[in-house]
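Peer 1: Okay, here's the prediction I keep looking at, along with the sequence it came from:
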Amino acid sequence: MTETAIIHPSKETGSAVDIVRVRKDFGSAVGVADVSLTIGKGEFVTLLGPSGCGKSTLLGMIAGFVTPTAGKIVVDGTDITDLEPYRRDIGMVFQSYALFPHMNVHDNIAFGLKMRRLPAAEVEKEVARAIAMMKLEGFEARRVRQLSGGQQQRVALARAIVIRPKVLLLDEPLSALDKNLRAQMQVELSELHRKTGLTTIFVTHDQGEALSLSDRIVVMNKGAVQQVAAPIELYRQPANGFVASFIGEINALPPGRCELKDGTASLVLPGVGPLVFPAVPASGFAPGRQVRAFLRPEHVRPVSAGAAGPNVVTGKVEAHIYQGSHTITRVVVEGIGLVETRVTGADIVASAPVGAPLALAFDLSEAVLLDAAA
Amino acid sequence: MIQKRPFFITFLAPAVLTAVILAAAIFEVLQYSVREFIPGSLNVGGFTFANFAALNKPIYWWVLADTFFISLLTAVFSLLASYPVAYALVRAKRDWVRSALVSLSITPLFTGEIVRTFSWMLTLGTDGFINSVLRKLGVIDMPIQLMYTRFGVVVALVQFSMPVMIILLATAIAHVDRDCERAAANLGASPSAVFWRVTLPLTLPGILSGIVVVFAWTMSAFSTPQLIGGGKILMISNLAYLQGFSVLNLPFAATLSLIALVCALGSLALMKGVTGRIERRLAVN
Amino acid sequence: MRSQKIGSIAFWSLVVALLTYMTLPTIVVLMTSVNPTEILAFPPQGVSFDWYVKAVTYPDFQIAFKNGLIVTACASTLALIVGSAFAWLIHHYEFRGRGLLEGVLWSPLIIPHFTLGFGFLLLGGAFGVQQGYVMIVLAHMVLVMPFVTRAVHVSLANIDPALARAAANLGASPFQVLTRVTLPLVVPGMAGGWLIAAVLSLTEFTASLYVTGSRTQTLPVAMYNYIREYADPTVSAISALLIIATTLIMLVADRTIGLRRVLAIDTH
């Protein structure tokens, strides 16, 4: 298979990129604050965070467009901190794609190879291979402005991987595409990564993309790394309140005290009473500790009015947000505040109209406990 | 009733009147160019094409050729001299550097032909600045002839045209997508390769319009060849002035003025055609 | 990294050299204008303002300056009124003959000034008002009008069209929209266009050489006539005054309304 020919030994051991206490100050403002990160060979790592969190600056430093104030960046064991961008052998797909408008598809893809002074025959072979891999046959002579968004994206990818980079950087490459195409390109990106085994660093502010594509996700905020974890762990065990509320929807309960009596663990909320855990939580729980519990809307279940139980509270429906496959219902519970519940379908809109009381059952088996001070 | 086009007539009338006056002035030139010259009189005779036929003399062809040659030299040197300044003006990192560059390169545009030409006379003259400095430094014993030479005229014309060239180039450079340059660097292009293979080709439309605008502009230059050329360098404008005010041959002066107008319009039409094609090929913007 | 530094130094040296070339004549004029001797000597032998005194007391220059001010005031103000109305017109309406009208009114940017000046000279002759103020003002107005039109047109294009609709929706008549919404928003563009027009008119030479007579000559024409007769630094002093005046006007224009915007040099 020619397609698999552009391959780096997949998932080799050893690190591809070491970011060591890298810092970037913009005047007195901090762009990136002492970030350290090790990325393994062949790994797909996503830098995720809201705009202005420093993820693009960090990517720019890896590519060499931004000079770090302090720290070093090592790729394949070589310190590249002071290396000019054009000597780095790092592929990059830009948010705007940055395809050369004065060149056709073929010349765009061939550019990096020509810069490396490869023999012409070699250039043709490699370009043909990249074109086949990105399914761009027949578009070689097209001007880039004549291409659709998805095609431009593939040209940008082909141009970046044809130079056989040590690392592939993707700067929000899906943000310019419409929703359907974005889903399609996510699949293609994932496939490309599997085929090439390229160490990939992906920057996005879209948690959906991050969760579906990454081996590991680096959540950033205000220039600092908040958590580095695999997608499932990140969703189920967020390290702090920022990560918890940034990844998916989550209800933050007011601070309470942990209690352990006769093997039964509970969380005592002032003014509400104890919420009982089905089992002693594996992390974050210590008797007497002040914690906040975070609970996903899918773990809050509406129950019939009369239902009794330890973890049932009653509030007043404030609004329904109908989303097609499911409905988010906002309920104001005295002593807790706003609680969101997520149920399939739209029946709840009729059964619990706005203003009506609604009983909710908390499933604390999936609750995340974080220190109340954090 | 709804007034469909408020102010239409009110705003249109003065514009139309102005256009009519302007057209009448140009029409007068056209009209005189096909009138018979009566020597010794400012009055003109009947309809004739003799003025156009009279153009076909080697001396006039030389003047025309020299006008073209000087304009072309000016356009090319203006481009070479303006590109670095325009590039610096757009890309300088510090705000005050950019502002200073804009001021320094644009203000000469507003000091007027006479002041600028006179300044160059002082600079290029036999006892002028350049000769004085070179003699003080012992580089030369005898003053070098800069006034009344084609070289002197082009040196002054290039300086005159630079502000316009810089404006056009700066606009083109400012429109270059910086990500394209970053992408080229990322793909292994050295800074010089980035410039020659990406930045320069992307500013080609600006370069072309700069060359043609300066070319057309220089073709109608008058005071610089008049004063710095001092009659030794004749461009079409100087010839027309000479015919009109010294020979008092108004019809022939009109013919030459008309030729200059046609040349200016022609170069502009050429620019529209060429840049249009290039822009379509580049699909820039 | 070192080669990059050397390249950067070389580039900036080149830029400085080119800027020196651009500004050298101006510096030379300023130097000679304060030089006490009649012979244009470098370096200057001292500092004296005698030439300035001679320049401002020279009758020809005084008359020419007055002429120039009259012409400039009339021409640039007329250009402002007609040009602004025209800019508004082409911004709002499509109409038959618009292309032709635009072609004619933009054409002074391309037509050689000596052709235009000659045309107005002949036109004046045809109406018996040769070398009178009317023809000079008309010629100048036509020459500077494209700059006003452009400045106002750029300002109009930067106005959100929804503003006029919002005003109309709130009950403003077309006249009220024009005077209460559009006009206040284009005043900076109009002021900038007017300043540029005034400076260009004040310093215009070639067309003026054709349309002015000995009694109606403007300052640049008077300077030209002086240069041909004499070779003393009086003209340096006048030039220096003009350079200082135009630079100040342009600085004011830049500070108050943003010259770069009016000239449409967008570097960012």
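Peer 2: Sure thing, it's come through.
Peer 1: what residues does the stretch 151-268 of chain C put near chain A?
Peer 2: Remark: no part of the stretch 151-268 of chain C is in contact with chain A, using C-beta under 8 Å from any C-beta of the partner chain. Backbone N, C-alpha and C define where each C-beta goes, glycine included.
Peer 1: Identify the residues contacting the residue of the stretch 151-268 of chain C found nearest chain B.
Peer 2: Nearest residue of the stretch 151-268 of chain C to chain B, counting by C-beta to the nearest C-beta: C:Thr203, 2.6 Å away. C:Thr203 makes contact with B:Phe110, B:Thr111, B:Gly112, B:Glu113, B:Ile114, B:Val115, C:Pro220, C:Leu242, C:Thr246, according to C-beta atoms under 8 Å, 6 or more residues apart in numbering or on different chains.
Peer 1: And the pLDDT at it?
Peer 2: For C:Thr203, the model assigns a pLDDT of 92.
Peer 1: ditto for C:Ala264
Peer 2: C:Ala264 is assigned a predicted lDDT (pLDDT) of 52.
Peer 1: now swap in C:Leu40 and tell me
Peer 2: So C:Leu40 comes in at 63 (pLDDT).
Peer 1: still on that earlier bit, how close does the residue of the stretch 151-268 of chain C closest to chain B sit to B:Thr111?
Peer 2: 6 Å (C-beta to C-beta, to the nearest Å).
Peer 1: so what sits against both of those two?
Peer 2: Contacts common to C:Thr203 and B:Thr111, judged by C-beta under 8 Å, 6+ apart, are C:Leu242, C:Thr246.
Peer 1: Hmm, C:Ile81 and C:Met141 touching each other?
Peer 2: No. With contact defined as C-beta atoms under 8 Å, C:Met141 does not reach C:Ile81; the gap is 9.8 Å.
Peer 1: the more surrounded of the two?
Peer 2: Taking neighbours as other C-beta atoms under 10 Å in any protein chain shown, C:Met141 and C:Ile81 compare with C:Met141 leading, 27 against 15.
Peer 1: burial of the nearest residue to the more buried one once chain neighbours are set aside, as a residue count?
Peer 2: Excluding the flanking residues, the one nearest C:Met141 by C-beta to C-beta, 6 or more residues apart in numbering or on different chains is C:Ala75, at 4.3 Å. Per other C-beta under 10 Å, the neighbour tally for C:Ala75 reads 26.
Peer 1: Find the nearest non-adjacent residue to residue 86, please.
Peer 2: All of this is about chain A. Distances taken as C-beta to C-beta, 6+ apart put B:Ala185 closest to A:Tyr86, at 4.7 Å, once the chain neighbours are dropped.
Peer 1: sorry, should have said chain C
Peer 2: C:Phe86 sits nearest to B:Ala15 (C-beta to C-beta, 6+ apart), 4.2 Å away.
Peer 1: quick one on the thing from earlier: which single one of the contacts of C:Thr203 is nearest to chain A?
Peer 2: The nearest one, if we look at the contacts of C:Thr203 relative to chain A and count by C-beta to the nearest C-beta, is B:Phe110, at 35.2 Å.
Peer 1: got a list of what the closest one touches?
Peer 2: C:Ile196, C:Val199, C:Leu200, C:Thr203, C:Thr246, C:Thr247, C:Ile249, C:Met250.
Peer 1: what do you get for A:Arg21?
Peer 2: Counting by C-beta under 8 Å, 6+ apart, A:Arg21 has contacts A:Asp34, A:Val35, A:Ser36, A:Ala70, A:Gly71, A:Lys72.
Peer 1: Please apply the same query to A:Val225.
Peer 2: Counting by C-beta under 8 Å, 6+ apart, A:Val225 touches A:Val35, A:Ser36, A:Leu37, A:Val218, A:Val219.
Peer 1: I'd like those laid out as JSON lines, including neighbour count.
Peer 2: Converted to JSON lines, the contacts of A:Val225 look like this (neighbours: other C-beta atoms under 10 Å in any protein chain shown):
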{"residue": "A:Val35", "neighbour count": "24"}
{"residue": "A:Ser36", "neighbour count": "12"}
{"residue": "A:Leu37", "neighbour count": "20"}
{"residue": "A:Val218", "neighbour count": "25"}
{"residue": "A:Val219", "neighbour count": "26"}
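Peer 1: Among those residues, which ones are in helices?
Peer 2: When those are checked against helices (DSSP state H), there are no matches.
Peer 1: Taking the residues you listed together, which two end up most distant?
Peer 2: The most widely separated members of the contacts of A:Val225 are A:Ser36 and A:Val219, with 14.7 Å between them, by C-beta to C-beta.
Peer 1: Longest helix in the chain, by number of residues?
Peer 2: Using chain A. Max-length helix for chain A by DSSP H is helix A:179-196.
Peer 1: try again with chain C
Peer 2: As assigned by DSSP H, the longest helix anywhere in chain C is helix C:59-92.
Peer 1: immediately after that helix, which helix or strand?
Peer 2: Remark: after helix C:59-92, the chain's next helix or strand is helix C:98-106, criterion DSSP states H and E.
Peer 1: OK, now which residue of chain A is nearest to chain C?
Peer 2: Residue nearest to chain C within chain A (C-beta to the nearest C-beta): A:Asp82, separated by 6.5 Å.
Peer 1: Now do the SS call for that residue.
Peer 2: A:Asp82 carries the three-state label coil when classified by DSSP: H, G, I helix; E, B strand; the rest coil.
Peer 1: hang on, the earlier thing: in a markdown table, list the contacts of C:Thr203 along with secondary structure and pLDDT.
Peer 2: Output for the contacts of C:Thr203, formatted as a markdown table (DSSP: H, G, I helix; E, B strand; the rest coil; pLDDT from 0 to 100):
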| residue | secondary structure | pLDDT |
| --- | --- | --- |
| B:Phe110 | helix | 85 |
| B:Thr111 | coil | 87 |
| B:Gly112 | coil | 88 |
| B:Glu113 | helix | 90 |
| B:Ile114 | helix | 93 |
| B:Val115 | helix | 93 |
| C:Pro220 | helix | 95 |
| C:Leu242 | helix | 92 |
| C:Thr246 | helix | 87 |
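Peer 1: Can you tell me the element B:Ile207 falls in?
Peer 2: Per DSSP H and E: B:Ile207 is located in helix B:204-219.
Peer 1: touching chain C at all, that helix?
Peer 2: Yes. Judged by C-beta under 8 Å from any C-beta, helix B:204-219 and chain C are in contact via B:Ala216, B:Met219.
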